[in-house]
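Participant: after the sequence you'll find the predicted model.
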Amino acid sequence: MTAPLQNDLFLRALLRQPTPRTPLWMMRQAGRYLPEYRATRAKAGSFLKLCMNPELACEVTLQPLDRYRLDAAILFSDILTVPHAMNVGLEFEAGEGPKIARPVRTAADIDKLPVPDPEGELRYVMDAVRLIRRELRGRVPLIGFAGSPWTVGTYMVEGGGSKNFQHIKGMLYGAPRELHRLLDVITRATLAYLNAQVAAGAQAVMVFDTWGGALTPADYREFSLRYMKRIVDGVTRESEGRRVPVILFTKGGGQWLADMADTGCDALGVDWTTDLADARRAVQDRVALQGNLDPSALYAPPAEIRAQVARVLESYGKGHGHVFNLGHGIHPDVPPEHALAMVEAVHELSPQYHG
Ligand code: CP3
């Protein structure tokens, strides 16, 4: 039997239900800024080995919750587990980010891609989800996640991180039907993967579209949003007698929030380049909003961090449907006490916006 959920503020806020304060979590909350994370990663041997070891992945998932009063846990994993299981040869070189040994560039490369069985090649992720749920004992809900098909596709085609997206944009403009075939197979793999996470115990699901903002508005709709909508339509929306909210996050997607809300998702992540008041007007309170403190604000001294938290809360304004977060992942060189200042400020300052 799974323990009853003791703190459901995060799930309630995602569904725009009343809460006594604004719930919060941090993107990349289990990460290199925490010394205990670096110690566990060293024990695992590498980042990828850490992701593939359910006991250690569970350990690092819980680390930020032991330090801070956060309202959600996020599965410790990576968006690139899916291409890894599609046999493209993923490696993480220390300090260099992801590298893909066999980038997908031709129709023949696309033909070879399997849709991995989530309880087969990706079983280590599902085992981590099951173990985390057990160890959480209902303290807070667990977020499952995946990359958007477009974002995962950029890594698969470019072979790693990219500035100009030379290869995938070459495909987009030169062979759009092939790119659609690639995005289709990634979408099918991602849906199976997310639905397995929900079956294993994920209580909300977030789709990270880190590179959607590199597209023109028309291409964003055709090559990123369209596939995220398929995910929203296909993901399991109820489990254990509760709704499983879906959050979409396109970094740099501030101008498309209304279109994103049209997908039928429950909530949108917003980066720090869009004011939450404008975002809220754009979506007309149809979806909840998650964000959006500039991650670099955590370099400031604690008193200034508190002032910046106040600005974000004020920008969303009174009413429900806000999940406080950073506008992107926490930087690895942020002092852990600065993250604490942010968390405490949200607890202290947010009740006045509810009620
Ligand atoms: O939020 C969390 O705490 C959950 C864990 C999580 C990680 N990656 C762990 C990680 C999540 C949700 C991700 C998603 C992810 N991974 C995205 C989308 C979100 C975003 O940040 O835009 C992307 C683009 C990736 C791909 C990826 N993983 C890159 C480009 C890198 C290297 C860059 C970097 O930050 O070093 C990673 C590695 C990675 N994923 C780390 C962590 C904690 C750092 C690896 C390490 O410990 O050395």
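Facilitator: Noted; the coordinates are in hand.

Participant: just the strands in this structure please.
Facilitator: 73-74, 90-93, 97-100, 142-147, 204-209, 238-239, 242-243, 246-250, 267-269, 288-293, 322-326 (DSSP state E).

Participant: looking at those strands, which is buried most?
Facilitator: strand 322-326 (a mean of 28; mean count of other C-beta atoms under 10 Å). C-beta here means a position set from N, CA and C on the backbone, and glycine is covered the same way.

Participant: what's the least confident stretch among the strands of the chain?
Facilitator: Lowest mean pLDDT of these: strand 90-93, a mean of 92.

Participant: can you list the residues of the stretch 51-200 of the chain near the ligand?
Facilitator: Ile74, Phe76, Asp78, Ile79, Leu80, Gly97, Pro98, Phe145, Gly147, Gly161 (C-beta under 6 Å from any ligand atom).

Participant: and the residue of the stretch 51-200 of the chain that's closest to the ligand?
Facilitator: Closest residue of the stretch 51-200 of the chain to the ligand, C-beta to the nearest ligand atom: Gly97 (3.9 Å).

Participant: check contacts around that residue.
Facilitator: Residues counted as contacts of Gly97 (C-beta atoms under 8 Å, 6 or more residues apart in numbering) are Gly160, Gly161.

Participant: before we move on, what about Leu14?
Facilitator: For Leu14, counting by C-beta under 8 Å, 6+ apart, the contacting residues are Ala204, Pro245, Ile247, Asp266, Ala267, Ala288, Gln290, Val323.

Participant: number of nearby residues for the fourth one?
Facilitator: By that I understand Asp266. Counted with other C-beta atoms under 10 Å, residues neighbouring Asp266 total 23.

Participant: one more: His180?
Facilitator: 15.

Participant: got it, and Gly327?
Facilitator: 22.

Participant: what ranges does the stretch 201-350 of the chain have for its helices?
Facilitator: All helices of the stretch 201-350 of the chain, identified by DSSP state H, counting those that start in this stretch, fall at 217-219, 226-234, 257-261, 276-283, 302-316, 336-349.

Participant: tell me which residues of the first one come out buried.
Facilitator: Using 16 or more other C-beta atoms under 10 Å as the burial criterion, the residues of helix 217-219 that qualify are Asp219.

Participant: now do that helix, average pLDDT.
Facilitator: Per-region confidence: helix 217-219 scores 98 on mean pLDDT.

Participant: hmm, who's touching it?
Facilitator: So helix 217-219 is in contact with Leu172, Gln255, Trp256, going by C-beta under 8 Å, 6+ apart.

Participant: give me the nearest residue to the first one, chain neighbours excluded.
Facilitator: Taking C-beta to C-beta, 6 or more residues apart in numbering as the measure, Leu172 lies nearest to Leu179, with 5.4 Å between them; neighbours along the chain are not counted.

Participant: please apply the same query to the last one.
Facilitator: Among residues not flanking Trp256 along the chain, Tyr220 sits closest, at 6.1 Å (C-beta to C-beta, 6+ apart).
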